[in-house]
Each structure stands twice: as structure tokens, then as C-alpha cells.
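>>> sequence and predicted model, in that order:
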Amino acid sequence: MAEAHALIGRSILVRYLEDRGVLTQAYFDEVAGNNQTWQLALSSEGAIPVLGPPGKQRLYDRVLCDADFTHALFKKAVHGF
């Protein structure tokens, strides 16, 4: 249960920072690095519909589709922006 709460808390923080423009495309690209699978995830629309203003990219939604990518994003956030 504690792990679920930690994931929810981190997700809220990441979505907030993404919505406010603190976490940008460049930030997500840096986390993805040379990993082609992660780069593809960021550049693809994905099967999950985007809820919110039209045309607004929600890159975190794409990151969540890959557990390793999600962990890499959290690791980078913990070690600073």
C-alpha cells in the first residue's frame, strides 16, 4: 500500500510540474537519452486518449506506459532537475 501511495504522490508532482512548464519536452528527452524505445514512446500519440485542453502534450502519460522509463524519470527527479 505504501508503494501505491508513493507512486500517486510522485505522479501528482510530475503532472503538476509538467502542467506548469517546469518539466519540458527537453527534460523528458534527457531522461529517455539514447533509448530508442523511450524516444519512440515520447514521439507517439499512444492509445490512451489525452484528457484536457486540445493540443496540449502530456508526455508523462506516455512515460507511464513503460515501468523502466517511469523509474528513470523518478530517479532523475530525485537527483535534481
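Great, that's in hand.
>>> element containing the residue positioned nearest the centre of the chain, please.
The C-alpha lying nearest the average C-alpha coordinate of the chain belongs to residue 60 (Cα atoms, centre = their mean; 2.5 Å). Secondary structure assigned from DSSP states H and E places residue 60 in helix 59-63.
>>> and that helix, what does it pack against?
Using 3 or more Cβ pairs under 8 Å, 6 or more residues apart in numbering; DSSP states H and E, the elements in contact with helix 59-63 are helix 2-19, helix 25-32, helix 36-43, helix 67-78. C-beta: built from backbone N, CA, C; applies to glycine.
>>> include mean pLDDT when you put those into JSON lines, please.
Shown next, in JSON lines, are those (pLDDT from 0 to 100):
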{"stretch": "helix 2-19", "mean pLDDT": "89"}
{"stretch": "helix 25-32", "mean pLDDT": "95"}
{"stretch": "helix 36-43", "mean pLDDT": "94"}
{"stretch": "helix 67-78", "mean pLDDT": "90"}
